[in-house]
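Participant: structure for the following, please:
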Amino acid sequence: MKTKDFALHVKDVAEDGLFEGYASVFGGEPDSYGDIVMPGAFALSLAKHKSEGTMPLMLWNHKSTELPIGVWIDMVEDGHGLLAKGQVDLDDPIGSRVHRAMKRNGLRGLSIGYETIAVKTDPKMPGVEFLETVDLWEVSPVNFPAKRDALITDVKSVRAEDFARRLRSGEPPTIKEFEDVLGDLGVPKALRTAIASHGYAKAIRSESEGAPPADVLLALRAAAASFR
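Facilitator: Numbering: from 1, shown residues only. Take a look at the predicted model:
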């Protein structure tokens, strides 16, 4: 069984554990595995499940050795992808935690467990496979989707904007918070620790002594440049 992850865009979460969202999306850029899911990829599998009176399992992080954390009630392809409606088991400790995380927008993805049936390739796009037919076995809520770039960018943006706002307000974030921002930007741990504990610490000391924000920013840029 292969797995493929997608950012979770929950459309609605009810108090009784019902939720609705996309388990897969069609087209777009290749994911981190070099695959693109094509419209109709799930049609055969969904028809088979319907004829047998079954649905793909709802597992947590593909843990097939553990009991499902809920059930999928309906799945249908639309113009965007595979729209799934499910209900997590609120009496299950993991199911209850998943439900709370969904309500807080703290759950980051859904991942499909499947077997590839038919694929196509394009000489103009070497290394990319177009998944035309897959056998869908299960769909799992997961912490991190494979198409995670946009999601992480959102987190970076929020943290960086908050950092800038606090700096402008005269309440500079802590050295640890500055380290976290550098981490979001991909700076290695040893390097961001050195930048934060030297250059940033000096910059916020200057600000507390009355240095204008422009001087603080220049000090930060100089600190970062000195460790390149």
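
Participant: pull the contacting residues for the closest residue to Asp74 other than its chain neighbours.
Facilitator: Nearest residue to Asp74, sequence neighbours excluded (C-beta to C-beta, 6 or more residues apart in numbering): Lys85, at 4.4 Å. Using the backbone N, CA and C atoms, a C-beta is placed for each residue, glycine as well. Counting by C-beta atoms under 8 Å, 6 or more residues apart in numbering, Lys85 touches 18-20, 72-75.

Participant: what helix or strand is Lys85 located in?
Facilitator: Counting by DSSP states H and E, the element that carries Lys85 is strand 81-88.

Participant: sheet partners, orientation included, of that strand?
Facilitator: Looking at strand 81-88 with DSSP bridges, its partner strands are strand 18-25 (antiparallel), strand 70-77 (antiparallel).

Participant: pLDDT on that strand, on average?
Facilitator: Strand 81-88 carries an average pLDDT of 90.

Participant: repeat for stretch 114-130
Facilitator: For stretch 114-130, the per-residue pLDDT averages 93.

Participant: buried residues in that stretch?
Facilitator: 114, 116, 119, 128-130 (16 or more other C-beta atoms under 10 Å).

Participant: what's the answer for stretch 74-84, then?
Facilitator: 75, 77, 81-84.

Participant: that one: end-to-end distance?
Facilitator: End-to-end distance for stretch 74-84: 6 Å, by C-alpha to C-alpha, to the nearest Å.

Participant: can you list contacts of that stretch?
Facilitator: With C-beta under 8 Å, 6+ apart, stretch 74-84 has contacts from 6, 20-26, 37, 39-40, 42-43, 46, 55-56, 72, 85, 110, 112, 136, 139.

Participant: ChimeraX command for the buried members of those residues?
Facilitator: Of the contacts of stretch 74-84, the buried ones go into a single ChimeraX selection, burial set by 16+ other C-beta under 10 Å:
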select :6,20,21,22,23,24,25,26,37,42,46,55,56,72,110,112,136,139
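
Participant: pull the helix or strand with minimum mean pLDDT from this protein.
Facilitator: Scoring the helices and strands of the chain by mean pLDDT, DSSP states H and E places helix 149-168 at the bottom, with a mean of 48.

Participant: and the helix or strand hosting Gly113, C-alpha only, in PDB?
Facilitator: Here Gly113 sits within strand 109-121, counting by DSSP H and E. The C-alpha trace of strand 109-121 is given here as PDB (Å, rounded to 0.1, in the frame of the first residue of the first chain):
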ATOM      1  CA  GLY A 109      -3.700  16.800   6.700                       C
ATOM      2  CA  LEU A 110      -5.500  13.800   5.400                       C
ATOM      3  CA  SER A 111      -3.600  10.900   3.800                       C
ATOM      4  CA  ILE A 112      -4.900   8.300   1.500                       C
ATOM      5  CA  GLY A 113      -3.700   4.700   1.600                       C
ATOM      6  CA  TYR A 114      -4.000   3.100  -1.900                       C
ATOM      7  CA  GLU A 115      -2.700   0.800  -4.500                       C
ATOM      8  CA  THR A 116      -1.800   2.100  -7.900                       C
ATOM      9  CA  ILE A 117      -3.900   0.500 -10.700                       C
ATOM     10  CA  ALA A 118      -3.200   2.700 -13.800                       C
ATOM     11  CA  VAL A 119      -0.700   5.500 -14.400                       C
ATOM     12  CA  LYS A 120       0.500   7.600 -17.300                       C
ATOM     13  CA  THR A 121       3.600   9.600 -18.000                       C
END
